[in-house]
Every structure is written in structure tokens, then in C-alpha cells.
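Asker: Just a sequence and a predicted model for now, questions to come.
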Amino acid sequence: MKTTLYYFTGTGNSLTIARKIANLIGETELIPIPALMKGNGTIKAPEGRVGICCPVYDMGIPVLVRDFLERLVVNDNEYVFAVLTLGGTGAAALKLVDSGIRNRNGRGINAGFLVKMPGNFPPVGVPPVGAKQALILQRAENECVRIATAIRNGDERRPGFTPLTSLLQFMLYGPFTKNVRRSGEKFSVSEACTSCGTCVQVCPTGNITMADGRPVYANRCELCCACLNYCPVQAINLDMLFGTEGRGRYHHPDVTPADMQMQKGLPE
Ligand SMILES: Cc1cc2nc3c(=O)[nH]c(=O)nc-3n(C[C@H](O)[C@H](O)[C@H](O)COP(=O)(O)O)c2cc1C
């Protein structure tokens, strides 16, 4: 059976999981959400299974994905699933995918899955390295096998109520969605910048341009931290919570800047 798997990724975790699941279930087309969101109007999912794969942000989903779900039309009788990647906790985010699909289509998702991956947000947690990172990636790979089996079998795994993450979502997600697009104001660029343009290349929303050899942020930021994490000389910092100076960086080892660029639908 054909599957359409829509994805959004900031540092490659969700793309990697989407690719693995696609390989395991077969006959799957991966479609980047940022490329679709350059247009307007209804997005009609083709016949067959429909999946959404993206990271958890502030116990919710990226605003771009939330907006995408407002436009996505799925058939009543198709199997719809969500796979969310996260660094620690955020099960309540699945409920947002469920309600997003329901609000537009009058029906929710059939199954929601979470995959723990390395965290990519240095202002909160220093990203894992070495053996610790390798263990998380290995466990995630095993989890993909279980998820793919559940999808192939058409298992029903409706997202349940999770009191703690729902409470955290209630506290964090509203302010996040309100302010996120202006997050570019919180990024700074140090003298170490070599004007290489990697930040421009990896930004999923095309929010960064170069002016006089320096990155300049507009107001379409998703706070995905691709710019911060892919900068080859760690010249970009983010002024939030514990900051990012000396707090490590992370992007998935298999996902290149060219892969990131492809999610915008631009030529390499
Ligand atoms: C702005 C932001 C907020 C995040 N919030 C959460 C969170 O609430 N819970 C969590 O477990 N991980 C959180 N994370 C970590 C990511 O969900 C996780 O690392 C994810 O796998 C990244 O996927 P990606 O590489 O596809 O962007 C957050 C990351 C960012 C950048």
C-alpha cells in the first residue's frame, strides 16, 4: 500500500526517522512540509496511508506543522499516523497532531508514536555526544522497526491523556507559538563567522539571508536551531535560558546541509 509521509526537520532527527520508516514499510513518498508551505490553500493527501513526522517543540509541534495541519485534507477511511521525535518528554504533542487532523477532517489519527532522539536545543540541555549519542540513535533505530510493524498492521494507537506533559504544554506552548516567528532576534553571530552561508542553506523557512557577509534573520523563524547547530565554526549563539556558549551542538550525523536544503524544495 502506498504511503505519503510529510516531514519537517531542524537538525535531521525527524528526517532520519522518516527515511527509516519509509524504507521499512516500502512504497513511501517523503514530502517536505516547508516546500509545501510556500504555497497557499488546501493540501490534499493522495490515496493511501498518510504520516506526519516532525520534532516536539515546547511540548507541542512546530508552528509550521500546526499551520500545515490546518490545510491538510485526508480521506475518511485512510490510516493516518504521526511519528514525533523528541529529546526527553512531550507525549502531549501527539494530541496536537490528532486535534489538528480532526479540526480539518472531522477524524483524528489512527496511531501516534514517539521516538527519543538526541536533544538539539543547547539552551536547555547539552546535546549528548559519543557513546551516549550512539546508544540513543541505536535504540531509535530499533524503535523504528516496531513502529513500522505497527503501521503495516494498521494498529490503532490513539494518543492518550498524559497529565504532566499536558500541563507543561498548557504552560509553555501558548507563549512559544506567539513569539517563535520573531526568535531570530535572539540569535547573535560572532567574529568567528566565515560567511560560508551554511546557515542560509539549512534554514527550512528561508528566514536567513546574507548582508555584507553576515547572516540576517527575518520573521519566519521556527526556532528549529538548524543555523545554530549546523554552523561549522559555532559562530551562532542563542540568547535564551542557559545560552549556548560552550554548550555543544548537534545535528544528525547522516543529514547533510544539502539534505536540509532539499526540504525547501530548492536546487542543491
Ligand atoms: C525549540 C525547541 C524546543 C524543543 N522542545 C522539546 C520538548 O518540549 N520536549 C522534548 O523532549 N524535546 C524538545 N526539543 C528537542 C527536539 O524535539 C529533538 O531533539 C528532536 O528530535 C529534533 O528533531 P529534528 O532534528 O528533526 O529537528 C526541542 C527542540 C527545540 C529546537
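Answerer: Happy to help now that I have it.
Asker: What parts of this structure come near the ligand?
Answerer: Residues of the chain lying near the ligand by CB under 6 Å from any ligand atom: 9-14, 55-59, 85-90, 117, 119-121, 223-225. C-beta coordinates here come from the backbone N, C-alpha and C atoms, glycine included.
Asker: which ones among those residues are found in helices?
Answerer: In this view, these that belong to helices under DSSP state H are Asn13, Ser14.
Asker: how does the chain divide into domains?
Answerer: Here the domain parsing of the chain from automatic domain parsing is 3-169, 181-262.
Asker: JSON lines for the ones you listed, including mean neighbour count and distance to Pro175?
Answerer: Formatted as JSON lines, those follow (neighbours: other CB atoms under 10 Å; distance: least, CB to CB, whole Å):
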{"stretch": "domain 3-169", "mean neighbour count": "19", "distance to Pro175": "8"}
{"stretch": "domain 181-262", "mean neighbour count": "18", "distance to Pro175": "12"}
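Asker: how much space is there between Ala235 and the ligand?
Answerer: From Ala235 across to the ligand, the span is 18 Å (CB to the nearest ligand atom, to the nearest Å).
Asker: Can you convert the domains of the chain into a markdown table and add a column each for mean pLDDT?
Answerer: Converted to a markdown table, the domains of the chain look like this (pLDDT from 0 to 100):
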| stretch | mean pLDDT |
| --- | --- |
| domain 3-169 | 97 |
| domain 181-262 | 97 |
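Asker: Tell me which other helices or strands the helix or strand encompassing Asn229 touches.
Answerer: Using DSSP states H and E, Asn229 sits within helix 226-230. In terms of contacts (3 or more CB pairs under 8 Å, 6 or more residues apart in numbering; DSSP states H and E), helix 226-230 is packed against helix 198-202, strand 236-238, helix 257-262.
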